[in-house]
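>>> Give the three-dimensional model of this entry:
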Amino acid sequence: MRMGDLVALAWRSLAERKGRTAGAVVGVFIAFVAFSTALSVGETFKQQTISFFEESFGTNKVFLVSNEPLTDADVHLISAIPYVERVIPILSSNGVIRGATGEQVSVTVYGIRPSDVEYLLPRDVVIEGQMAVAGRGVLVGEFVAVDRVTNVRRIYTGQVTGVRIGDKELSVIATGVIAAGHPGLIQTQTAVIMDVDLLRRALGVGGYPLVVVVVDDRRNVGTVIEYLKAFFPGAETFSLTFFIRQIEAFLSSFQLFLGGISGVAAVVTALWIYDTMTISVIQRVKEIGILKALGYRKRHILLMFLMETLIISFLGASLGLLALLAVTRLPLPFGFMGQPLYPVMYPWVVGLGIALIIGVNMLGALIPAHRASRLNPVEALRYE
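Numbers count the residues shown, from 1 in each chain. Model (predicted):
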């Protein structure tokens, strides 16, 4: 008995019972789409969340915070640590900037070396002017430049204005405007970013409370942290690597929960297949007897019923794949940070969904198929 003959026989049998076959295919379709969509949405949300933190803060960065200001000598020492690619000292203070019409706008003033700005802010964050903080040039946040309530312009690119920090006022030039809402260490909406040396002179300090250490590879972050703890035992070190691992573990657990809930549909489908095949065996007892009389062996009968299940599973999964393609084009409203979520159909998710559907359906059909294969041909032929 050739496999092609079994496939043709199974297909013919399914075609003769169109109603039950269609119902089983629909059940498989629903189970496959539910399971694959749940896992894909969970995986896409997880990747979106992790990407947000990686792009905003960087998993290869270590934040060193010290109660005792870190000096330029400390910065030089950190630069000599193995695997350290760059050291970015940061100074910050509250301040007030004067608008074009004389109004006072409260701001957070950040002091950063001109060469380090691009490591903390992407270039596309500048929506007007240039990313330049050398000399007396400053970058101002979008909500500093424009009143978000009245939409009145307060700071223009190229404008000379004053920034008051404590009892000192600095004359600065607005070289660029940075977009609000950019996630990261710097709150761009109400920020004024200037040369760190200019801010140090205004504050009268010689050190930095915060240093960002850029590591060449996130796999070396742990080693760099050990060095920092040894050199600066009184300081605190933070890295997003551990935090992201915790987020990833939590989201993976939630993803498994979604998959488990949607997997119930696959179990229901398997029970449906079991019921369908059981009824099919009862209705086809005489047919099975004839096939056995013609020389079909037990394994042929068993494979015939399993082949019917495989065809049903294949049809349902194929229709499900078409539905999943449509799902990927639909923006879902529950993405991270309010962003739309477009589910991605990961190959491993689709493969797992197909394997699950075929596996549980085969299990559901195995008992009826085994019963059919064990029917006595003489008794089957006499069955009414």
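>>> surely residue 132 meets residue 173?
No: using C-beta atoms under 8 Å, residue 132 makes no contact with residue 173, being 9.4 Å away. Every C-beta, even on glycine, is put in place using the N, C-alpha and C of the backbone.
>>> which residues does residue 126 contact?
Neighbouring residues of residue 126 by C-beta atoms under 8 Å, 6 or more residues apart in numbering: 139, 176, 177, 178, 179.
>>> Looking at the residues you listed, which are in strands?
139, 176, 177, 178 (DSSP state E).
>>> what is the first one paired to in the beta sheet?
Beta-bridge partners for residue 139, by DSSP bridges, are residue 176, residue 193.
>>> which residues touch it?
117, 126, 129, 131-133, 174-178, 191-193.
>>> ok, now residue 212?
Residues near residue 212 by C-beta under 8 Å, 6+ apart: 61, 62, 63, 64, 87, 88, 90, 119, 120, 185.
>>> Report all helices and strands that the lengthiest helix in the chain contacts.
If you go by DSSP state H, the chain has its longest helix at helix 240-283. If you count contacts as 3 or more C-beta pairs under 8 Å, 6 or more residues apart in numbering; DSSP states H and E, helix 240-283 packs onto helix 18-56, helix 298-327, helix 347-373.
>>> which residue is nearest the middle of the protein?
Nearest residue to the geometric centre of the chain (C-alpha atoms, centre = their mean): residue 47, 1.6 Å.
>>> got the contact list for it?
By C-beta under 8 Å, 6+ apart, the residues touching residue 47 are residue 344.
>>> Could you list the low-pLDDT ranges of this protein?
The chain contains residues with pLDDT under 70 at 1-2, 5-6, 54-57, 183, 333-339, 377-384.
>>> Pull out the CA atoms of stretch 214-224 and give them to me as PDB.
What follows is stretch 214-224, C-alpha atoms only, in PDB (Å, rounded to 0.1, in the frame of the first residue of the first chain):
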ATOM      1  CA  VAL A 214      30.400  53.300  28.200                       C
ATOM      2  CA  VAL A 215      31.600  49.700  28.000                       C
ATOM      3  CA  ASP A 216      32.800  48.100  24.700                       C
ATOM      4  CA  ASP A 217      30.400  45.200  25.000                       C
ATOM      5  CA  ARG A 218      27.500  44.500  27.500                       C
ATOM      6  CA  ARG A 219      29.100  41.100  28.300                       C
ATOM      7  CA  ASN A 220      31.900  43.000  30.000                       C
ATOM      8  CA  VAL A 221      29.700  45.200  32.100                       C
ATOM      9  CA  GLY A 222      30.000  43.000  35.100                       C
ATOM     10  CA  THR A 223      33.800  43.100  35.000                       C
ATOM     11  CA  VAL A 224      33.800  46.900  34.700                       C
END
